[in-house]
Every structure is written in C-alpha cells, then in structure tokens.
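Colleague: okay, here's the prediction I keep looking at, along with the sequence it came from:
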Amino acid sequence: MMDWLLCVVSFLLEICTSDHVCSPPEIDFGKTEMNKQKEYLENDRIQYKCHPGYDLEGSDWITCKAEGWIPPPKCFAPCILTKQQLGDRNLLLNGGQRHSEWIRNGHTIEFTCRKGYFIVSPSIRKCVDGNLTLPSCNPSVICTAPQIENGSFFPLWTRYNIEDIIYTTCKPGYMLESHKNSSKCTKDGWSPYPKCVRKQCDFPHIENGALSWSNIYYSDVSFPKKVGQIIGFKCNHGFLPRNKKHWDRIKCTNFGWDPEPRCYKQCIPPKNLPHGHVTYNYGSTFIDGDEISFNCDMGYYPEHHLPIATCRNNDWFPTLNCVSAGKHHLDPFYVFLTIGEQYTFHPIHLPFPNLAYSLQAMKSCFLLVAAFLLWPSFSSQNVCEEPDEIDFGEIVTTEKVKYLENDRVQYRCNPGYVLEGPEWIQCKEQEWTPHPPKCLAPCRITRQQLAAKKLFAFGGQRKTQFIQSNHSLQFQCNEGYVLVAPSVRKCVDSYMELPLCISERGQNCSGPPRTENGDISTLSEKQYRSGSSVEFRCQKYYAMEGQNRSFCDNGTWTKVPICLDPCMIPKAELERQKIEVKDGMDASENTFVQRGHSIELTCKTGYVLAANASQSASVIHCNGTPPVIPNCKAYDLFCPEITCNSPRVLNGSFRPIKNIYHDGDLIRIQCDSGFILETDYGGKVVECTENGWSPSPKCVFEITCQADYIEHGTILSPKVIYKEGERIRFSCNEGYTYVDRPDALCTETGWSTILQCTEIQCPPPQMRNGLFRPYRSQYMYNDAIEIWCSPMSNFGNKFSKCTANGWSPPPLC
C-alpha cells in the first residue's frame, strides 16, 4: 500500500514540475492584445502593443521560456521638444519655425540657429528612447570684408563668421606685412589683419641657391639693402640662374629684388636620338622654359607631332622620340613638310624649258592631295576620359572638352591639405598616367583632448591647432606626470596618436615584468614608483616589436615589448646549391636573419645566377614564415661559367679581339680623337664580369671648358682648353676678392663656380663702449675709420682700415 502511494505522489510531482510557468508580463507604456491569464505555460505566446507615440523594437509576439518572456517586451519612448527649450538655446527647427514637437524613437530632426548665431555640428540629432541631445548655438562674430590696398583676397563674401579663413595675394612689388597669406575671423576681428606693404629688399632666401659668404655672414647688418644696391647669388650644382651662368646679380628696386632670384633646374640634351638627331650648339645649357629642336631620319617622324621639346623640371616635354609611320598616327602637314624637305626636287635640263617647273608643281600638288587623303587616318588620336576628381582638392588647369594624347592636367589640394603623389598626370594611350594624387587631411588636436590626456604642446601651449599631414608636434605632460616616449608624434592623413601621461602619485608596482627571449637593461628593483619605467633589450638576432620601455601606471605595468624569433637558414643547403651569403654575414653552421631584415645570396666565385632565374630568388626576407631557399627544381637555378661577348665600341676600337671572353679577361679601349671613355677611372681598361663589361666600353664626346680672361684677376698657369675634371686656379687684383673660391672644376655643365673677382667691401663694425666715424652703410677697400672710446674704456687702436681680411687692426675699446 505504501509503495503504491509513493508512486502516485511521484507521478503527480512529475506532472506539476514538468512545465515552467510565466506570470503575466509587465510592459511599461504597453499592454497585451489577448485576454490576460493568471499564468502561462512554457512556449505559450502572446501579442502586445505599445501606447500611442511609443514604438516597440522587433516582433510584437513574446514567448514564455524558462528564463522568462523572450524577447523581453520593450516600448521605446518618444522625445518631447518644447518651444521653451528651443528658445533657451536660440534654436529653430529646420524651416525657421519654433514650436513644440514629438519625435518618435529612432527618428531624426534637423536644427538651425536664430540670426546672429551659428550651430555647432552636427545639426541633425536622433531620438533614442526619450533622449535627444540638443546642439549648441554660439554667437556669430561677424567680420566684414577687409579693405586691402595693393592686394586682393578670396573667398569674396559680404560677411564672415568666426573661424572663417581668407587668403590674400599682394600686387607685384608688395608683400604681406605679417608674412602670412591666410587670416582667420576671430572675436577680435581678422587675425592677422591682411595688409600689403611695399616690398623691402630683405635677405632673399633662394631655393637651390645662396648669396655670397660675406652677405650671409653679415646678414644682420647688411640687410635690408637700399634701392640701387646690387648683390650676387649662385646656384647649387645642377641648377642655373636665368643668365645661365653659375652666378647672377640682382638689384634692389622700389618693387623689391629685380630680377627675382631664382635657380632653375638644368636639362641635359640627349647625346643620342635613335632614328634622328638633336640640333643645338655644342656647349649650350638649357633651363626651365628653353626649347630644343630635333630632326628624324627618313621614314621616321616625331612621336608627338612637332619636332620641338621644352625643358620642364629637369626633363624634356614632350619626350624626344622618332617613330616609324606604321607605328603612329602622324600629322599630315608634318608629313607634307618633311617629305618636301627630304625629297627636294632638282630640275634637269630637258628640251622643253618649262617641263622642270611643271614637274615641281605636279610634285607639290601630289603632296597636298596625299596629305588630305591621309588626314582621316592621321587625325584619329587617342582620347582620354575626363580626369578623376580628388577629395579635398581640385584640377587647376583649364578644363577641356576632349583630352588628347600627351595632354596634361595639374592638381592642387585645398588649404591645409598635403598632396601625396604626382602634381601632374598625362594622357597616354587612352589612360591617365600616373594615377591621380591624394590630398592628405590635417590632424585636429583640441584643447579638450590635451586636457583629458594631461598634455601640453611643447612650450606649455594648450590650444586647438591643426597639424598638416607628415608634420610632427612635440608634447609634454602636466607636472607630476611622466610621458611615454616618443614625445614627438607625426600626423598621417588626419590621424595622430597622442602620447600617454602616467601619474607619479599612483600605487607602486612589484618586480619588473618579463618578456620571452629578452632581458631588462636597467637595474632591477623590488618596488617601482608609479611613473617609473624599465627598459628591455632582445637577445641576439631577436627583433623587438613595440616600445622598449614598460611604465608603472598606478600599480600596473604597461604593455611589454615582444622579441620576435629570427629566421634560420641551414648552411648545408646553401653549399649544395653552390650559393653563399653575400659579404659573408655568418661563418657558423647556420645563418640567422633578424625579423624584417633580408640577406642576399650570390653564387661562388666564377659562377652567376642563370639568366632564367628570378632576381628575387637571390634574396631571402625574414617575415615570420619559414624562409624558402632557392632550389634547382623550383627556379632551375644553376651556376654556369661567366663569359662576355665581343663588345661593339662606337667612336673607338679595342684589343685583343676575341669571339668569347672569360671572367676576369681585360681589354684596352682606344677612343677616337675628341672622344673619351664614358667611365674613366684613371685607365682605359675594362673587365669581363658577371654583369658584363665593367666599366661599359663606350666612347663619348670629350667635355671641355674655356677661360681666356678674368676681370680684375689673373689666371694661374693658363691653358687653352681644360678637360672635364681639370681645375683652374686664379688670383684677384689688390682691392678685389673672389666671389666663391679661387678655383673651379670643369664639369659637364661648365665651370663648377663662377670665375669672378668682386670689389672688397666691409660692413660697419660692431663696437661696444665706443663710437667711430665716418659712418657708412658700406666701406670700400682701404677706407679708414677713426675710433672714439668712452671715458671708462681704454683705447685699443685709434684707426682701423678695411682690408681683404676685414677691419685691421680690429676696432676695439
């Protein structure tokens, strides 16, 4: 009987506990759609809805589960915006209205400010479950358009708000007083105020050039110069002034320096033009803007239609190239002109006196007809699509309806943005090359960011500022904080990682942290104060990833660096392939390469990589994966014997003559008169090497320089002709000194320095405790001054004279 009762009770308990029971759901701002029950069993479903104005998220059905109602019922509240809230914050709804508004959850609303205020972005705000963050309206500080005499500015508006920027350009002969071309509208007006003032002849800063030594050394007393004064400047190697000499002179005028001191890049004319020749006077020099002409051989024509190229930025544009008629679309009028030049008709004596003239006329007529018949095929040039626009920049060249072969466009970035990539791109074979550039955005560091990180800009400044991409800014921490190096951070396309400041007043740290395959290079201690640090170094061949220091930050160590494993290269494998490590990096059994580094493999002496072996196969780069050793199967890598074929030497000859030369064989080159070996290291011998003949057996025009006379000077040991690499020396007459140095080297572009003697001048002396007379802005050679010392000083010398070495004796008190 008892057993039967136990079975019944157990059965009833199993029934009662088999299903989970849910109480009716409590829904804020909502209710169920069905009749309410006192309880619900597991997997029962009910439907609910939200009160008017409230929104549910997801399905309106919920299910009873062991953990409760799934998903939990939720009604999201709308946002209530009152007219008083708008008035208190000087806000208007989009459209200029001001009234109470309900905004449903997840919906947005756009704001504007009343007149006299500007909105702090973003102007569009979103309602999130009854919460709506309102934007701020700041008072507008109106700046009026500035009145700039002798200058202009952009953009041209009638009024400007705070933080607006204008850019000013002065007329020729004038300069900005602040030396800054941008002005910002602030609460105090324009800063700096744009004002154009007449240019002064200040110390000129010459890109790729410099003034004479005396003008640089005495710049603090020599400048500004007076109207009418003349100074000289020189250009660096590879650059020339407009007069195409190494030195040029500029004069101080009412409009500043005239001409403007500039150094232009040189263009070297090509020595050899395949299927053509360049026409220019030997010894001529070419700078930006100069043109050069060339002629093509019969059957060849200029690739770019006109036989003229212009020097631009150290290169010729368009390129000098002669192509055959079958490979290029040609200008029929150029065809007509060149055919007419190449086939000049020579009349012959015929029994009919006007026959020669008639044949000449027939020939001209034939050429004209041929030109017009060929015009359709010649005029089908390659056309490029419109060049791509770039973000934060613009195309500044004139827009065209159609872009033809060799057309170029120029890009420019908006103020504050930095150009990355080419400034110019060119239409080539229906494509723009190279790819358009990118405008890198500046970084914006706010005052709030600096304050939150306990940072200052170096110098104690804490203000919002912009840093151009690729520029850097140095930081320092508040007193009581330690900066985690590096202190100098770089802006990279609007991103700059700010350094960390660690408090010196936090909790101490226990013993230093450890890093695998690395050691601590500083003394180890039991306790470290907050703000202190330990320095790490990796074991030999291991590369460090991360900062080499870890800081104690309020009881916790900052991230420690990782020591990355090196790559191991078995030496036996290299021996088997007849390969060795270039420069013998490691003589041990195995070679180790640090992570991120590379080693170069070479064949042993007398062997080279086969011609069909990949160039990269001889380099192993350690990047964390097992290194792949070049092998014969993968690359057909074998090392044949080094040989050289018999060379072809234009404008010269060589001995001995063979069909095949072996590694280390030598030949002697004899160049024709007026030619020299292109790479002459003091001999006329070239060697057969794994890279062919070294140096290249090539005879080129011999470069020479001439110097007959130096005004106010004498050439020492004069020669009629100076060869490239030879040096000329000269001395200056009394009262004159050399402009740069008393010698010059004959180079490909002429003399390395200007051969000129200039009159000796002395600036006014700098004196303490005394005066001198007469006072002049400049003193000539042998001019003397009389010195007067103060009563409390002792006389040094009564008089001093301007000499080649300055004032002698020195004017001292």
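Modeller: Noted; the coordinates are in hand.
Colleague: centroid residue for the chain?
Modeller: Averaging the C-alpha coordinates of the chain gives a centre point, and the residue nearest to it by CA atoms, centre = their mean is Glu420 (5.6 Å).
Colleague: wait, isn't that residue in contact with His435?
Modeller: No. With contact defined as CB atoms under 8 Å, Glu420 and His435 do not form a contacting pair (11.1 Å). For the C-beta atoms, the positions are set from N, CA and C on the backbone; glycine is no exception.
Colleague: before we move on, the earlier item: for the residue nearest to the centre of the chain, list each beta-bridge partner.
Modeller: With DSSP bridges applied, Glu420 shows beta-bridge pairing to Lys438.
Colleague: neighbours around Asp220, how many?
Modeller: 9 (other CB atoms under 10 Å).
Colleague: hang on, it in a helix?
Modeller: Yes. If the criterion is DSSP: H, G, I helix; E, B strand; the rest coil, then Asp220 is within a helix.
Colleague: now it: how far from His205?
Modeller: Distance of Asp220 to His205, given as CB to CB, to the nearest Å: 15 Å.
Colleague: so the residue lying closest to Cys762 once chain neighbours are set aside bridges to which residues?
Modeller: By the measure of CB to CB, 6 or more residues apart in numbering, the closest residue to Cys762 outside its immediate chain neighbours is Cys802, 3.8 Å from it. With DSSP bridges applied, the residues forming beta bridges to Cys802 are Trp807.
Colleague: intersection of neighbour lists for Glu420 and His435?
Modeller: Residues touching both Glu420 and His435 do not exist when contact is defined as CB atoms under 8 Å, 6 or more residues apart in numbering.
Colleague: any stretches of the protein with poor pLDDT?
Modeller: Across the chain, the ranges flagged by pLDDT under 70 are 1-19, 35, 141, 282, 325-381, 583-588, 605-617, 629-640, 680-683, 792-796.
Colleague: ok, back up a step: burial count for the residue nearest to Cys762?
Modeller: 22.
Colleague: can you give me the helices for the stretch 1-150 of the chain?
Modeller: 2-16, 83-88 (DSSP state H, counting those that start in this stretch).
Colleague: next one: the chain
Modeller: Counting by DSSP state H, the segments of the chain that form helices are 2-16, 83-88, 213-217, 219-222, 332-342, 355-378, 447-452, 571-576, 632-635.
Colleague: who's in contact with the second one?
Modeller: Spelled out, it's helix 83-88. Outside helix 83-88, the residues within contact range by CB under 8 Å, 6+ apart are 91-93, 98-100, 134.
Colleague: just the buried members of these?
Modeller: Buried positions within the contacts of helix 83-88, assessed by neighbour count (16 or more other CB atoms under 10 Å), are 91-92.
Colleague: name the nearest of the contacts of helix 83-88 relative to Cys79.
Modeller: Leu134 (10.0 Å; CB to CB).
Colleague: give the phi and psi angles for the closest one, as a check.
Modeller: Main-chain torsions, Leu134, degrees, to the nearest 10: phi -90, psi 140.
Colleague: please name the nearest non-neighbouring residue to it.
Modeller: Arg89 (5.8 Å).
Colleague: how close does the one you found get to Arg114?
Modeller: In terms of CB to CB, Arg89 sits 10 Å off from Arg114.
Colleague: one more: Asp288?
Modeller: 56 Å.
Colleague: of the two, who's got more company?
Modeller: Between Asp288 and Arg114, Asp288 has the larger neighbour count (other CB under 10 Å), namely 17 against 14.
Colleague: wait, doesn't the more buried one sit right on Arg262?
Modeller: No. Shown here, Asp288 and Arg262 do not form a contact pair, counting by CB under 8 Å, at 9.1 Å.
Colleague: how does this protein divide into domains?
Modeller: The record, using the TED database to delimit domains, assigns the chain the ranges 30-76, 79-139, 143-198, 209-266, 268-322, 385-440, 567-634, 761-808.
Colleague: now those in TSV, with distance to Glu641?
Modeller: What follows is the domains of the chain, written out as TSV (distance: least, CB to CB, whole Å):
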stretch	distance to Glu641
domain 30-76	79
domain 79-139	73
domain 143-198	67
domain 209-266	42
domain 268-322	33
domain 385-440	42
domain 567-634	7
domain 761-808	65
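Colleague: between these, which gets nearest to Phe730?
Modeller: The stretch from those with the least distance to Phe730 (CB to CB) is domain 209-266; that distance is 14.2 Å.
Colleague: and stretch 105-116, how far apart are its ends?
Modeller: Stretch 105-116 has its terminal residues 32 Å apart, counting by CA to CA, to the nearest Å.
Colleague: pull out the buried positions in that stretch.
Modeller: Of all the residues in stretch 105-116, those buried under the rule 16+ other CB under 10 Å are 105, 109, 111-113.
Colleague: quick one: which of those residues sit in strands?
Modeller: Counting by DSSP state E, the buried residues of stretch 105-116 place 109, 111-113 in strands.
Colleague: for these, which one is nearest Lys31?
Modeller: Here the nearest of these to Lys31, counting by CB to CB, is Ile109; it sits at 28.5 Å.
Colleague: spit out the contact partners of the nearest residue to Glu39 once chain neighbours are set aside.
Modeller: Counting by CB to CB, 6+ apart, Val21 is the residue found nearest to Glu39 once chain neighbours are left out, at 4.7 Å. Val21 makes contact with 39-42, 64 under the criterion CB under 8 Å, 6+ apart.
Colleague: of all these, which two lie farthest apart?
Modeller: Checked with CB to CB, these reach their widest spread between Glu39 and Glu42, with 10.9 Å between them.
Colleague: what is in contact with those two at once?
Modeller: Applying CB under 8 Å, 6+ apart, one finds that Glu39 and Glu42 are jointly contacted by 21-22.
Colleague: more neighbours: those two, which one.
Modeller: Neighbours were tallied for Glu39 and for Glu42 using other CB under 10 Å; the higher tally belongs to Glu42 (13 against 10).
Colleague: so what's that one up against?
Modeller: By CB under 8 Å, 6+ apart, Glu42 lies in contact with 19-22, 64-66.
Colleague: quick check: PyMOL command selecting the buried ones in those.
Modeller: Here is the PyMOL selection string for the buried members of those, based on 16+ other CB under 10 Å:
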select buried, resi 22+64
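Colleague: pick the one among the contacts of Glu42 closest to Pro194.
Modeller: Minimum distance to Pro194 across the contacts of Glu42 is 72.0 Å, recorded for Lys65 (CB to CB).
Colleague: the residue lying closest to that closest one once chain neighbours are set aside and Val21: what is the separation?
Modeller: Closest residue to Lys65 in three dimensions, ignoring its sequence neighbours and counting by CB to CB, 6+ apart: Glu42, at 6.5 Å. Distance, Glu42 to Val21, using CB to CB: 8 Å.
Colleague: got it, and Ile216?
Modeller: 96 Å.
Colleague: what does Leu650 give?
Modeller: 104 Å.
Colleague: then Cys384?
Modeller: In terms of CB to CB, Cys384 sits 76 Å off from Val21.
Colleague: and stretch 756-771, how far out from the chain middle?
Modeller: What separates the centre of stretch 756-771 from the centre of its chain is 43 Å, taken as CA atoms, centre = their mean, to the nearest Å.
Colleague: do the same with stretch 168-179
Modeller: Centroid separation between stretch 168-179 and its chain, computed with CA atoms, centre = their mean, is 27 Å.
Colleague: hang on, the earlier thing: can you tell me which residues contact the residue nearest to Leu134?
Modeller: The contact partners of Arg89, by CB under 8 Å, 6+ apart, come to 134-137.
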